[in-house]
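S.K.: just coords:
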């Protein structure tokens, strides 16, 4: 990996948060989680996640992985509601360590030679 093609992404932990005593309909249990490192999602052994809950949080994960301005809502907002309107569970996205990747190792599309050109 060369330094001129490096970029960084946060590792993310996505954890189920449930109000105590409430009926949870999505099959989640408080503390269930998965880790996102780059494009790879890791779940602990014998733990699953509802595809419906995953569908609610999935579109936000690439943006949460990127370094954002301190005033950007993507920096501060972390709780995502279960998509079932009758289920009070939430998914909490927490940024963890930063991992460095190489452009050349993640795509076959070459970098532009002129760095002043934006597309």
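M.R.: Received, thanks. Remember, it's a predicted structure, so these values are computed and weren't measured experimentally.

S.K.: I'd guess residue 57 is in a helix, am I close?
M.R.: Yes: under DSSP: H, G, I helix; E, B strand; the rest coil, residue 57 sits within a helix.

S.K.: quick check: it vs residue 79, distance?
M.R.: Using CB to CB, to the nearest Å, we find residue 57 at a distance of 10 Å from residue 79. Quick note: C-beta positions are derived from backbone N, CA and C, even for glycine.

S.K.: the more surrounded of these two?
M.R.: Taking neighbours as other CB atoms under 10 Å, residue 57 and residue 79 compare with residue 57 leading, 22 against 9.

S.K.: any idea of the pLDDT on that one?
M.R.: At residue 57, the pLDDT value in this model is 94.

S.K.: returning to that earlier point: name the residues contacting each of residue 57 and residue 79.
M.R.: 91, 93 (CB atoms under 8 Å, 6 or more residues apart in numbering).

S.K.: what residues are up against residue 15?
M.R.: Residue 15 sits next to 31, 32, 33, 91, 92, 94 when contact means CB under 8 Å, 6+ apart.

S.K.: any idea what it is bridged to?
M.R.: Residue 15 has these beta-bridge partners by DSSP bridges: residue 33, residue 92.

S.K.: and the residue nearest in space to the middle of the chain, helix, strand or coil?
M.R.: Central residue of the chain (CA atoms, centre = their mean): residue 61, 3.1 Å from the mean position. In three-state terms, and counting by three-state DSSP, residue 61 is helix.
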